[in-house]
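Enquirer: Just the structure for this:
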Amino acid sequence: MNVLVKDPIAWTDVGAVTDIPLRGARRVPTPDGDIAIFRTGDGKVFALKDACPHKGGPLSQGIVHGHAVACPLHNWSIDLASGEPMGADRGKGCTPVVPLEVRDGRLLLGRS
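Expert: The predicted structure is shown next:
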């Protein structure tokens with residue numbers, strides 16, 4: 001299970017919410033590795049480490065469906081809120097969730 005950081009030390013502005021299309025993603029390079037920011041069809045945003053827990057596939061290149069993303073390598077569905085695989089793959093690993101806030105239409109990534 002992921003532990004979400006409640007009060008990260010620093011927030012970094014990584015762009016506007018509208019930079020990410022509905023049902024799309026954007027990869028953001030950071031010193032700690034690439035982060036995938038997703039925007040669902042209902043406009044919610046989520047951030048995960050850009051690596052599937054199965055084989056490290058780039059989740060930012062996957063298809064967003066509902067509040068999940070399908071890994072482009074082996075089609076594992078990853079829950080965007082928890083980073084946990086769904087369905088038959090549940091319990092087989094986890095993708096770390098990254099703190100993300102929206103302020104005045106801007107995306108802010110948290111870093112501890």
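Enquirer: what are the pairing partners of the host helix or strand of residue 13, and which direction each?
Expert: Using DSSP states H and E, residue 13 sits in strand 10-16. Next to strand 10-16 in the sheet, as set by DSSP bridges, lie strand 106-111 (antiparallel).
Enquirer: So which bits of the partner strand are buried?
Expert: For strand 106-111, a neighbour-count test (16 or more other C-beta atoms under 10 Å) marks 107, 108, 109, 110, 111 as buried. For every residue, glycine as well, the C-beta is placed using N, CA and C.
Enquirer: and which of these is nearest residue 56?
Expert: residue 109 (20.4 Å; C-beta to C-beta).
Enquirer: Quick check: that closest one touching residue 45?
Expert: No: proximity of residue 109 to residue 45 does not meet the contact threshold set by C-beta atoms under 8 Å, at 10.7 Å.
Enquirer: tell me, what's touching the two both at once?
Expert: 37, 100 (C-beta atoms under 8 Å, 6 or more residues apart in numbering).
Enquirer: Tell me where the model's unsure across the protein.
Expert: 1-8, 112 (pLDDT under 70).
Enquirer: residue ranges for the strands of it, please.
Expert: Here the chain has its strands, by DSSP state E, at 10-16, 24-28, 35-39, 45-49, 63-65, 68-70, 77-79, 100-103, 106-111.
Enquirer: could those strands go into TSV alongside distance to residue 57?
Expert: Listed next are those as TSV, based on distance: least, C-beta to C-beta, whole Å:
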stretch	distance to residue 57
strand 10-16	22
strand 24-28	13
strand 35-39	11
strand 45-49	12
strand 63-65	12
strand 68-70	10
strand 77-79	10
strand 100-103	21
strand 106-111	21
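Enquirer: winner for burial among those strands?
Expert: strand 35-39 (a mean of 24; mean count of other C-beta atoms under 10 Å).
Enquirer: now it, how far from the chain's geometric center?
Expert: Chain-centre distance of strand 35-39: 4 Å, with C-alpha atoms, centre = their mean, to the nearest Å.
Enquirer: Next: stretch 69-88.
Expert: With C-alpha atoms, centre = their mean, you get 11 Å for stretch 69-88.
Enquirer: And residue 86, how close does it get to residue 32?
Expert: 25 Å (C-beta to C-beta, to the nearest Å).
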